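1. what would the 3D arrangement of this be:
(3 chains)
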Amino acid sequence: MSKFRIVHYINQFYAGIGGEDKADVQPEKRDGIVGPGMAFRGALADVAEIVGTVFCGDNYMNDHSEEACATVLEMIRSYQPDLVLVGPAFNAGRYGMACGMVAKMVDENLHIPVVGGIYEENPGADMYRRYAYFVPTTNAASGMRKAVPEMAAMVKKVLAGEEIRDGYLKKGLRQNYFAEERGSKRAVDMLLKKINGEEFVTEYPMPVFDRVEPQPAIKDITKARIALVSSGGPVPKGNPDHIESSSASKFGKYCLKDIDDFTPENGQTAHGGYDPVYANQDLDRVLPLDVVKEMVRDGEIGSLHDYWYATVGNGTAVASAKKFAAAIAEQLLADHVDGVILTST
Amino acid sequence: MRLEIGSIFIRDVQFADATAVKDGVLYVDRAALAAAAAGEDERIKSVEVFLARPGESVRILPVKDVVEPRVKVAGPGGIFPGFTSNVEQVGSGRTHVLKGAAVVTTGKIVGFQEGIIDMQGPGAEYTPFSKTYNVVVKVEPIDSLKQHEHEVVVRLAGLRAAKYLGEAGRDVEPDEVRVYETKPLLEQVAEYPNLPKVAYVYMLQTQGLLHNTYYYGVDVKQIVPTFMYPTEAMDGAIVSGNCVSACDKNPTYVHLNSPVIEDLYAQHGKTINFIGCVVTNENVTLMDKERSSNMAAKLIGFLGADAVIISEEGFGNPDADLVMNCNKIEKQGIKTVLITDEYAGQDGASQSLADSTPLGNACVTAGNANEVVTLPPMEQVYGYPEVANVIAGGWDGSLAADGSITAEIQVITGATNELGFHKLTARGI
Amino acid sequence: MANFFIVSNNPLAAEKYAAQTQLLTGSPAEVYRAARDAVHRGSRLISHPLAGSVKPNETPYRSIVLSAAGGVLDFRSLQLIEDAILVLKKLPQRHTEQYTPAMHADYQVIDLDLLDSAIAALPAEFHF
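-> Reported below is the predicted structural model:
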């Protein structure tokens, strides 16, 4: 029997092209194995062969996703693979997003399975998990030694057509099947377990929302000190801190003392997840600075904090967002801010 | 109340000169059944009768209701109180059942009606009624009968047909007799003082034309939640007027064989003490939903239940009733298990319910109703074959030239029944 | 003067409840949008926006009963109408314009019946 054909997608770093400085390289393909594919060779030897490797710079993939994906797809298609392997991306946000985008393109266009490796909190995992069997990895590349055999085992299972129940990040899809017992019997069995305090597994986990209890209302807004915070990417013209257009790794703090109104000259958005034209024309649309200053002048609001905080919510990991929020909140408390107007997009 | 259910196992159905049950075969006098179904109803122009057996290349559509032939042989009242019998309290004495037979009514009340039963092929897997010997009753009303009256006419004809066939089992010795009993509350609690007391919250969809359910003939949207002895359902206390989105509507057959009741009785006296049911509704206004869930929760508390099963009917707005019932009952410290189905989209990626609660941590699902299946053509179609065009017409390309239908399983009668009558379920992948 | 109103695209609703109905010409999505706007203006939902089992992508007609505006934003109403809009979005779009006139008439009757059921159960604080 001939071996299954696999194409491996990796980024510029793992392809040996270079690091962050080479993140803009366009897609390329090489026959056979490049980089980490070597580690998979032994593990897959008896069933499959990596017949080609496609790689692309992470920035290029994220910033020109439409063209990049189309090119990558054609390159993958040219090898007529049975399966596509992506990553592992660990916790590299832009690499994770790239792997996810490739998985989506392959799943929707080539209808062949995709196996990947990714850290669970990588934003690419959250956005694209439904398109691939993503084996969970550690957050750093030092986990390669552990990731490779697990991914290889998943590849084998998928190629063998086995029913796969675990060992990957759940895709978040609901799939029908016929149970052994009818629903009413299963309900009675579940009830008995619940009554007896035994462990039971719900068949449909209801979604749990991360709700925040609102703080008590500000008693006198005409005396309160208000700050502006946004995840819509509102930054001074030129984006001085280079906040990333997606998977932001930082937030910025900017002085608003000398700005009464945003114009195309003094503000822009760093956000890559929506059409920036209207925000760049007038950033007040994202961060309502002009109105708030007016209200302060008219005595409707006590005062405005001299700085605004901004980051980009686009594909940013929840863990990162929590970290930013905690840091921002700490500074706001130290500066005696009473309330925050928080805008998104 | 103590009810003996005598089941006469039906293994075939055939047309004959006289209606009778003999050696497990239901013989049907075609003309007599048609006449019985029509009754004295002047709004009926004609009734036709067909037979559909498991494994045959037959499709029935659009299905209005499925009803099991039963007859009351001892005890007060008759089958389907408020419709084909007076309104005496039912649920005690003895009832004979033609187990394995079913009356399937078909009538095109509105132009977009769904409800498919395939007797073979992939569609047969999804409907529990591909395994019954079906007597199909096609009811044609007089011209220009309005939709509301048309619905009543077909509903009543189905009940009369089932009652007529049930009579054939009156003097037949059943193959099996089972006894079901729930006593008045204080006695029932005293009987098994050490077992947890379990009740059943029986939600019924009650919203309007083709969305109604009846209890002793009363439109359930007009009642406040009330207590029901479980055995009442077995004598036809609950009758269906529901058939839109057929996958998760409860045909009268399923109320007669109410699966949660049956499976709770299987544990009655062993691991639980089954103290009774609370029948409640799913109405259109939010105030009705508040009132009914408050009353249902109050009744459950009043009964002193330790745990309940809550079953839903339908999707969308009933999700709100389900969540309210769950919250208000759990908050009294009473444990709940919910039975629902899902509308997670054709790809299974969307939110399944329109409402949710963290207290609903024990949920049984009857599957994703948006799953797409292809039903191959059948040699014979009973009912109104042109309806296939309409089911298909809502969605491009779903009726192929060869007569096969590609549709969501929500068009299949009973596919995701939320009383837990069928085996379909769903899991997260 | 009634202290409730109906947003609807069902001509039968406008015929029967002429003084109370804001008749829209668009799809159920338009009805949902109008109801959501009304909720933001302070109206409360009286009937559930997903009433009935006819899927919101399947029926061309939808009627929703709301209280007259003026109150504070009711979050429960907002949640229900937003969830209904989400349900509509997740279901595939159907070509309701291809329905025959007879089917349109049937969908109107069903929607009117759900509406009648809500009007019959109108809470006591509301009047025509």
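2. near chain A, anything from the helix or strand bottoming out on mean pLDDT in chain C?
-> Least confident helix or strand, chain C: helix C:75-90 with a mean of 92, by mean pLDDT, DSSP states H and E. No. Using CB under 8 Å from any CB of the partner chain, helix C:75-90 stays clear of chain A, with a minimum separation of 10.8 Å. For the C-beta atoms, the positions are set from N, CA and C on the backbone; glycine is no exception.
3. residues of that helix that come out buried?
-> Judged by neighbour count (16 or more other CB atoms under 10 Å in any protein chain shown), helix C:75-90 contains these buried residues: C:Ser77, C:Leu80, C:Ile81, C:Asp83, C:Ala84, C:Ile85, C:Val87, C:Leu88, C:Lys90.
4. from A:Ala125, how far out is the second one?
-> Here the distance between C:Leu80 and A:Ala125 works out to 32 Å (CB to CB, to the nearest Å).
5. quick revisit: average pLDDT across the helix or strand following the least confident helix or strand of chain C?
-> Using DSSP states H and E, the helix or strand that follows helix C:75-90 in sequence is helix C:101-120. For helix C:101-120, mean pLDDT is 94.
6. ditto for stretch A:266-273
-> Per-residue pLDDT over stretch A:266-273 has a mean of 91.
7. how about stretch B:315-326 as PDB, C-alpha atoms only?
-> Presented in PDB, the C-alpha positions along stretch B:315-326 are these (Å, rounded to 0.1, in the frame of the first residue of the first chain):
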ATOM      1  CA  PHE B 315     -37.700  25.200  20.400                       C
ATOM      2  CA  GLY B 316     -37.200  29.000  20.700                       C
ATOM      3  CA  ASN B 317     -39.600  30.500  23.200                       C
ATOM      4  CA  PRO B 318     -40.100  27.200  25.100                       C
ATOM      5  CA  ASP B 319     -36.400  27.400  26.000                       C
ATOM      6  CA  ALA B 320     -37.400  30.400  28.200                       C
ATOM      7  CA  ASP B 321     -40.100  28.300  29.900                       C
ATOM      8  CA  LEU B 322     -37.600  25.500  30.400                       C
ATOM      9  CA  VAL B 323     -35.000  27.800  32.000                       C
ATOM     10  CA  MET B 324     -37.600  29.400  34.200                       C
ATOM     11  CA  ASN B 325     -38.900  26.100  35.400                       C
ATOM     12  CA  CYS B 326     -35.400  24.800  36.100                       C
END
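8. wait, does it contact chain C?
-> Yes. Residues of stretch B:315-326 contacting chain C under CB under 8 Å from any CB: B:Phe315, B:Gly316, B:Asn317, B:Ala320.
9. secondary structure element holding whichever residue of chain C sits closest to chain B?
-> At 3.3 Å from chain B, C:Leu50 is the closest residue in chain C, using CB to the nearest CB. Using DSSP H and E, no element contains C:Leu50; it sits outside every helix and strand.
10. columns neighbour count and pLDDT on top of the residues of stretch B:315-326 next to chain C, output as TSV?
-> Formatted as TSV, these follow (neighbours: other CB atoms under 10 Å in any protein chain shown; pLDDT from 0 to 100):
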residue	neighbour count	pLDDT
B:Phe315	27	90
B:Gly316	24	90
B:Asn317	28	93
B:Ala320	23	95
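11. phi, psi for A:Tyr60 please.
-> phi -60, psi -40 (degrees, to the nearest 10).
12. now do the contacts for it.
-> The contact partners of A:Tyr60, by CB atoms under 8 Å, 6 or more residues apart in numbering or on different chains, come to A:Ala23, A:Asp24, A:Val25, A:Gln26, A:Pro27, A:Ala68.
13. distance of the third one from chain C?
-> Read it as A:Val25. Per CB to the nearest CB, to the nearest Å, A:Val25 is found 38 Å from chain C.
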